[in-house]
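> Let me see the structure of the following:
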Amino acid sequence: MPLTKRQEELLDRIVKEYIDSAVPVSSQLLDEKYSFGISPATLRIEMQRLTDQGFLFQPHTSAGRVPTDKGYRFFVDELLEKGFPSFEEKRSSRMLEEIKKEMENSLKFAQTVSRFLADNSSNLGLSYLFKEEILWKEGWEEIFEEPEFKDIEFASRFAKMLSHFEKNIQKLALDFPPEPQVYIGKESPVLKAGDFSIVTAKFTFPDFNCEGIFAILGPKRMNYNKNISVINLLTQLLKENQKWKKRKKKLP
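Numbers count the residues shown, from 1 in each chain. Just a heads-up that it's a prediction; the model follows:
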């Protein structure tokens, strides 16, 4: 059964609230913070309908609601349907200039890009160049500040997921598309990724005559809007650089 406009709006608010707070979202909070034009009782009924349809779940009887994989997927698909979100962090302009400068040095490029991803996502940023088999990760400090990682078992599951991703990166990355792709929980091709999401894109790097991938890895409660826009920004940057290289070669 398709969602009503009101249910779509409600689900959108719940996902955003949970991403921001990492706390189950209650009907009382939604009623106080937003104007849905319905009574608190009707709001609770709509939240229960979203739960019954698998978009939300209730961790405890008296707790608020948390998005499921299906809820996150609906949210992400709505984002992507509007086109890739733009990235407007002015403070990152210096880092982008550094990335451009490092396009002649594969190791420095992988390091600088991974740092850029980590700084602008609060998750783990990863870059991999196929031909040179260069894998670089940045953002351990950022990701371990996320509230989920206070749970030692959660951190351990993340480490196991990342280990599988690294060991199988050549095989996994071959199927990644050139445009930003979001894998949520169990839909991920990476084993043991049920609690996590991956935003990634494949790129061609003519400077090194090879392909590679960018990736952001983190909890499912990641900022999808920002992470998708950061990955998209980098893919566009490389495409522009590739076009510039081709034009340069044609010049006498």
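
> quick check: domain ranges of the chain?
5-81, 90-250 (automatic domain parsing).

> weakest of these by average pLDDT?
Between the domains of the chain, the lowest average pLDDT goes to domain 90-250, which shows a mean of 85.

> The domains of the chain into TSV, with extra columns for mean neighbour count?
Just so you know, the C-beta spots here come from the backbone N, C-alpha and C atoms, and that holds for glycine as well. Output for these, formatted as TSV (neighbours: other CB atoms under 10 Å):
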stretch	mean neighbour count
domain 5-81	16
domain 90-250	17
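
> List the residues that contact Glu9.
Phe36 (CB atoms under 8 Å, 6 or more residues apart in numbering).

> Pretty sure Phe130 sits against Lys171.
No: counting by CB atoms under 8 Å, Phe130 stays clear of Lys171, with 11.1 Å between them.

> residue contacts, Ala173?
Ala173 neighbours (CB under 8 Å, 6+ apart): Tyr128, Phe130, Thr200, Lys202, Ile213.

> Please report phi then psi for it.
In terms of degrees, to the nearest 10, the main-chain angles of Ala173 are phi -70, psi -20.

> which residues of this structure fall in strands?
56-57, 66-67, 124-129, 134-138, 181-184, 196-205, 210-219 (DSSP state E).

> These: which one's closest to Arg115?
Ranking the strands of the chain by their distance to Arg115 (criterion: CB to CB) puts strand 134-138 first, at 4.5 Å.

> Within its sheet, name the partner strands of the closest one and how each one runs.
With DSSP bridges as the test, strand 134-138 is paired with strand 124-129 (antiparallel).

> Mind listing residues that contact the partner strand?
Under CB under 8 Å, 6+ apart, the answer for strand 124-129 is 106, 109-111, 113-119, 134-140, 142-143, 162, 169, 173, 205, 208, 210-218.

> can you put the strands of the chain in TSV and add distance to Arg6?
Formatted as TSV, the strands of the chain follow (distance: least, CB to CB, whole Å):
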stretch	distance to Arg6
strand 56-57	15
strand 66-67	17
strand 124-129	36
strand 134-138	41
strand 181-184	24
strand 196-205	27
strand 210-219	28
